[in-house]
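K.L.:
just a sequence and a predicted model for now, questions to come.
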Amino acid sequence: MMDRWTFGITMLVVGMGGTLLTLILLSLIMSVLKKIFPYKPDEEKKD
């Protein structure tokens, strides 16, 4: 059985690790989407 400090540090490490992993995953998805659908400013001015 873990004491309060051990449980707190474990939750801190797991929480921050999960947050950083999620942010890295989202940034990779966004960079792939930018390569698939590049921004073309000339097409917007045709309105």
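P.N.:
Received it, and whenever you're ready, just let me know what you need.
K.L.:
in the helix or strand where Lys35 lies, which residues are buried?
P.N.:
Using DSSP states H and E, Lys35 falls within helix 4-36. By 16 or more other CB atoms under 10 Å, helix 4-36 has no buried positions at all. Heads up, the C-betas are built off the backbone N, CA and C, glycines and all.
K.L.:
for the remainder of this discussion, apply numbering that starts at 6.
P.N.:
Yes, from this point I'll number from 6; that puts the last item at helix 9-41.
K.L.:
any idea how far Val19 is from Leu33?
P.N.:
21 Å (CB to CB, to the nearest Å).
K.L.:
can you pull out the low-pLDDT segments for the protein?
P.N.:
Residue ranges of the chain with pLDDT under 70: 48-52.
K.L.:
please report the distance of the residue nearest to the spatial centre of it from Gly22.
P.N.:
Among the residues of the chain, the one closest to the centroid is Leu28, at 1.6 Å (CA atoms, centre = their mean). Leu28 sits 11 Å away from Gly22 when distances are taken as CB to CB.
K.L.:
same question for Lys40.
P.N.:
27 Å.
K.L.:
with Val37 instead?
P.N.:
23 Å.
K.L.:
do Tyr44 as well
P.N.:
Per CB to CB, Tyr44 is found 33 Å from Gly22.
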